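Colleague: what would the 3D arrangement of this be:
(chains A and B)
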Amino acid sequence: MAEIICITCPKGCHLTVDEKTLEVRGNSCPRGEEYGRNELTHPVRMITSTVKLEGGRFRRLPVKTSQSVPKEKMFEVVRSLDGIVVHSPVHVGDIIVKDVCGTGADIIATRDL
Amino acid sequence: MTKIYDVIIIGGGPAGLAAAEAAYNNGAKDVLILERDQTLGGILNQCIHNGFGLHYFKEELSGPEYAGRFIELVNKTNVEVQTDTMVLDITPEREIHAVNGQKGYQILKSRSIVLCMGCRERTRGAISIPGTRPAGVFTAGAAQRYVNIEGYQVGKRVVILGSGDIGLIMARRMTLEGAKVLACVEVMPYSGGLTRNIVQCLHDFNIPLYLSHTVTKIEGEGRVERVTVQEVDANRNPIPGTEMIFDCDTLLLSVGLIPENELTRAAGIQIDRRTNGPVVYENMETSMPGVFAAGNVVHVHDLVDYVTAEAQKAGAAAAKYAIAGEPEPSRHITVKNGNAVTYTVPSCIRMENIDKSAEILFRVNRVCGASVIQVMSGETRIAGFKRERLAPGEMEKIILPRVLLDKAGEEITIAIEEA
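Modeller: As a prediction, the model looks like this:
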């Protein structure tokens, strides 16, 4: 039995996951079950960062991955954003990088600037 | 003749935006937001991480996205906005003195006011860390602004004092941006942040968390060179012989937030010593009639979703006051904090404003296991709410139906009874 804390929401449920059957206990919603299973098989995380912005009110544009990416790719994804320059205007949801590091996730803007 | 606004909102962060939208949608016609920064959105703009809006929008947003949703809602209304505007004074006649570069010195009149000034971080001075005074000691929020908005990396080898959420979030952020975070040090025997942040910001990156430890010395010439960390005893006094030296160039402080109430105090509005925010009634009205308050200016929240809910309540009540004035007073019930409860918001319930139920928010002062939240009126128990676990880092909410309040006397006490 693996004991993990769910990070899907601020409630932070204490989950126990059976390594063999991948049965999840202690979750209070379906998202917790998915998280518990994923943590043991292929843990994933959302990534947020910034890229350089030119011609805007500020120097950095906040961005995030459009979906969770494999946990072990976190550093690779963040490093790949070095050197990217975006020009204002940018809108929430604009795609900055398509299929970042082959993860299938895009890097998208999270602020109008 | 000078224009009289229905509702003026001081502060354009998450609380101010939600209050403005709610005031407008509850019938207030002339609504004005005064914001001292260049843009609306407040601190959310620098909170670029994910995890906002799960309650309110039922999806996971970053801070700027959450703010953006509300800015869009406000832009669809006729709510006026003045940014780069500093409020200097609020008078008992509900006149607001404010300055900005375009309009100069303004005296604005309003039927009601909502205070949404948020909070500030405690600094090194507030916790008196001994040592020299080199560069490289930042509050976590200041570092967050440098990294996320201004685009500067603030250091390469980092120690974080305090396990508040901003400190934890910055541990991850600095790590992803190439810094080495050596340790997170917490003086209390439990973390001050949300459990999920301990997991995704510390465990994910193998950053050690030292509970019951504190920084006892900062050294460095010009720039921080090392800090000393020591274990503390039950009275939070450093234990000799437990010194650990960390060679680092940066110390981030995440040691608590204080509601920002200079304006509130100067206006003579009563302050609650337990929260450092104004004393508020059930509808978020302060001791000054027609002046309401919501969000971190009242008490520090864990989640912006809760700030939004509180501000919507305050905005709606401010609109109602502007249109109809104060209702006829009836029975009041004082709310007191009992065993293991630090404070309650509100601290008084006026029954004339209670329709179906009253909400009470509070925090506990220590980690409690399985417990019952008891609501007592004198010796009589009027309600009980079960919880599996209670922690100081997590705000609690109970809802008391009117029928129960009708049974209560002039005073109720919220207390924790551990199983």
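Colleague: could you use CA atoms for every contact and neighbour count after this?
Modeller: Noted.
Colleague: tell me where the stretch 201-350 of chain B has strands.
Modeller: Ranges of strands in the stretch 201-350 of chain B, per DSSP state E, counting those that start in this stretch, are B:209-211, B:213-219, B:226-231, B:244-247, B:250-253, B:257-259, B:271-272, B:277-278, B:291-293, B:332-337, B:341-345, B:348-350.
Colleague: is it possible to get CSV of those that adds distance to B:Val158 and mean neighbour count?
Modeller: Shown next, in CSV, are these (distance: least, Cα to Cα, whole Å; neighbours: other Cα atoms under 10 Å in any protein chain shown):
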stretch, distance to B:Val158, mean neighbour count
strand B:209-211, 13, 20
strand B:213-219, 13, 21
strand B:226-231, 10, 21
strand B:244-247, 9, 14
strand B:250-253, 5, 26
strand B:257-259, 21, 19
strand B:271-272, 36, 18
strand B:277-278, 32, 29
strand B:291-293, 37, 30
strand B:332-337, 39, 19
strand B:341-345, 32, 22
strand B:348-350, 44, 21
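Colleague: nearest to B:Lys313, out of those?
Modeller: Nearest to B:Lys313, of all the strands of the stretch 201-350 of chain B, is strand B:291-293, at 9.8 Å by Cα to Cα.
Colleague: quick one: contacts of that closest one?
Modeller: With contact meaning Cα atoms under 8 Å, 6 or more residues apart in numbering or on different chains, strand B:291-293 is reached by B:94, B:112-116, B:278, B:280, B:284-286, B:311, B:314, B:318.
Colleague: list the contacts of the residue nearest to B:Arg331 when sequence neighbours are not counted.
Modeller: Spatial nearest neighbour of B:Arg331, chain neighbours left out: B:Met351 (5.5 Å); criterion: Cα to Cα, 6 or more residues apart in numbering or on different chains. By Cα under 8 Å, 6+ apart, the contact set of B:Met351 is B:Ser330, B:Arg331, B:His332, B:Ile333.
Colleague: closest to A:Ser66 out of those?
Modeller: B:Ile333 (49.0 Å).
Colleague: was I right about A:Val51 contacting A:Arg60?
Modeller: Yes: with contact defined as Cα atoms under 8 Å, A:Val51 reaches A:Arg60; the gap is 5.6 Å.
Colleague: domain parsing of chain B, as residue ranges.
Modeller: Domains of chain B are assigned by automatic domain parsing as B:1-120+B:257-326, B:123-255, B:328-419.
Colleague: and those domains: which comes nearest A:Val44?
Modeller: domain B:123-255 (10.8 Å).
Colleague: could you check whether that closest one is close to chain A?
Modeller: Yes: using Cα under 8 Å from any Cα of the partner chain, we find that domain B:123-255 touches chain A at B:148-151, B:173, B:176-177, B:194-197, B:199-200.
Colleague: stretch B:363-370 now?
Modeller: No: Stretch B:363-370 is not in contact with chain A by Cα under 8 Å from any Cα; minimum separation 13.6 Å.
Colleague: for that stretch, measure first residue to last.
Modeller: Start-to-end span of stretch B:363-370 (Cα to Cα, to the nearest Å) is 15 Å.
Colleague: residues contacting it, please?
Modeller: For stretch B:363-370, the surrounding residues in contact (Cα under 8 Å, 6+ apart) are B:190, B:340-344, B:386-396, B:418-419.
Colleague: with adjacent residues omitted, what lies nearest to the closest residue to chain B within chain A?
Modeller: Taking Cα to the nearest Cα as the measure, the point where chain A comes nearest chain B is A:Ile7, at 4.6 Å. Closest residue to A:Ile7 apart from its sequence neighbours, by Cα to Cα, 6+ apart: B:Arg196 at 4.6 Å.
Colleague: quick one: residues contacting that neighbour.
Modeller: A:Ile5, A:Cys6, A:Ile7, A:Thr8, A:Cys9, A:Pro10, A:Lys11, A:Gly12 are the contacts of B:Arg196 under Cα under 8 Å, 6+ apart.
Colleague: in TSV, list the residues you listed along with pLDDT and secondary structure.
Modeller: Compiled in TSV, the contacts of B:Arg196 are given as follows (pLDDT from 0 to 100; DSSP: H, G, I helix; E, B strand; the rest coil):
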residue	pLDDT	secondary structure
A:Ile5	86	strand
A:Cys6	87	coil
A:Ile7	84	coil
A:Thr8	82	coil
A:Cys9	77	coil
A:Pro10	74	coil
A:Lys11	76	coil
A:Gly12	79	coil
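Colleague: returning to that earlier point: quick one: which of the residues of domain B:123-255 next to chain A is nearest B:Thr228?
Modeller: Of all the residues of domain B:123-255 next to chain A, B:Thr228 sits closest to B:Arg173, with 23.5 Å by Cα to Cα.
Colleague: the closest one belongs to a helix?
Modeller: Yes: assignment of B:Arg173 by DSSP: H, G, I helix; E, B strand; the rest coil places it within a helix.
Colleague: any idea how far B:Ala179 is from it?
Modeller: Taking Cα to Cα, one finds B:Arg173 at 9 Å from B:Ala179.
Colleague: more crowded one of these two?
Modeller: Taking other Cα atoms under 10 Å in any protein chain shown, B:Arg173 and B:Ala179 do not tie; B:Arg173 has more neighbours (22 against 17).
Colleague: quick check: which element contains B:Lys109?
Modeller: Assessed by DSSP states H and E, B:Lys109 sits inside strand B:104-115.
Colleague: check the offset of the helix or strand just after that strand from the chain's centre.
Modeller: Counting by DSSP H and E, the next helix or strand C-terminal to strand B:104-115 is strand B:119-121. Chain-centre distance of strand B:119-121: 8 Å, with Cα atoms, centre = their mean, to the nearest Å.
Colleague: great, nothing more from me.
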